[in-house]
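**Q** after the sequence you'll find the predicted model.
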Amino acid sequence: MPSYRGRIAPSPTGFLHLGHARTFWVAHQRARVASGKLVFRNEDLDIHRCKPQFVAAMYDDLRWLGLDWDEGPDVGGLAGPYLQSQRREFYLAEWRKLRDAGVLYPCTCSRKDLERALQAPHEDDDEAPYPGTCREKLATARDWQSPDGVSWRFKVPGGQSIVFDDRCFGRQEFAAGTDFADFLVWRRDDVPSYQMAVVVDDAAMQITEVVRGADLLKSTARQLLLLEALGCPAPEYFHCPLLRDENNLRLAKRHDALSLRALREQGADPQELREKFAAEIDWHRGMLGP
């Protein structure tokens, strides 16, 4: 494995808010303290919600905050590009591996949760439990040459305990089949899901530590199963505590008043924001260093 390789991986479906900023700042600090590399990945698979103005703001706001990166989209002379919208062949190749391994099956039901399959699940809108109605189609999976036309689900090994040590929250354990069920890896409109895309990209980019929000702890259990099925080494994980509003709701892109863009327009000082993030750090959990 290479030396430390971290990543920041925003999705341009809205303006970045303070929660995003703090998470990306922590990822940046941990990479720099480790004298490692920081990869920038634009997770732009959701063509209906990703907008050019959000892409431009994403780069501009992160640089205003004082962040830099070593690999990523070719903006302002940086190396790249790493755009998920340009990596379809990578995802297809790994879909074929999972199909041949007998862990995927075509699914023609439960359309209600498909609209969220491109997005990272959160604590209040996690992927709906799936009852396994189409599991009987597992034997037909190898007859498919392309995933197009139906949804595809990963067969979760019921009863298996998924355990990992998070570098911020400590030991985590999830029961496959109880805490989460068979989950989507490919949408019927022929686009990989969030779970599939990030696993393939993190493995291909040799990411050694994933820094992201605590709302994705359960997603880590799903992704560890995918990594195991693909024969890829798992990175370390560091899930940051979530920032919440005055009603104790996690920050989301609907919080326009707390977006970096709005704060900039109000005259916010990036140095003061960085100092605020540092003051919120639990130093005893090693937030700044691996």
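**A** All right, it came through fine. Numbering: from 1, shown residues only.
**Q** hey, let's count contacts and neighbours off CA atoms from now on
**A** Will do.
**Q** pretty sure residue 159 is in a helix, no?
**A** No - per DSSP: H, G, I helix; E, B strand; the rest coil, residue 159 lies outside any helix segment and is coil.
**Q** quick check on the nearest residue to it once chain neighbours are set aside: phi, psi?
**A** Distances taken as CA to CA, 6 or more residues apart in numbering place residue 176 nearest to residue 159, at 5.6 Å, with adjacent residues excluded. Main-chain torsions, residue 176, degrees, to the nearest 10: phi -60, psi 130.
**Q** show the pLDDT at residue 176.
**A** If you check residue 176, the pLDDT there is 96.
**Q** dump the residue contacts of it.
**A** 156-162 (CA atoms under 8 Å, 6 or more residues apart in numbering).
**Q** also residue 88?
**A** If you count contacts by CA under 8 Å, 6+ apart, then residue 88 has nothing around it.
**Q** swap in residue 57?
**A** Counted by CA under 8 Å, 6+ apart, residue 57 has contacts 15, 261.
**Q** make 142 the first number, not 1, from now on.
**A** Will do, 142 is the new start, and the previous item becomes residue 198.
**Q** can you give me the offset of the helix or strand hosting it from its chain's centre?
**A** In this assignment (DSSP states H and E), residue 198 forms part of helix 193-206. Distance, stretch centre to chain centre, for helix 193-206: 19 Å (CA atoms, centre = their mean, to the nearest Å).
**Q** following element in sequence after it, please.
**A** Assigned by DSSP H and E, the successor of helix 193-206 is helix 229-241.
**Q** partners of whichever helix or strand comes after that next one, with directions?
**A** Next helix or strand after helix 229-241 toward the C-terminus (DSSP H and E): strand 245-248. Note on strand 245-248: by DSSP bridges, its sheet partners are strand 292-295 (antiparallel).
**Q** and the lengthiest helix in the chain, what does it pack against?
**A** The single longest helix within the chain, with elements called by DSSP state H, is helix 159-174. Applying 3 or more CA pairs under 8 Å, 6 or more residues apart in numbering; DSSP states H and E, one finds that helix 159-174 contacts strand 146-149, strand 178-181, strand 350-354.
**Q** now the angle from it to strand 350-354?
**A** With axes from the mean of the first three to the mean of the last three CA atoms, to 10 degrees applied, the angle from helix 159-174 to strand 350-354 works out at 160 degrees.
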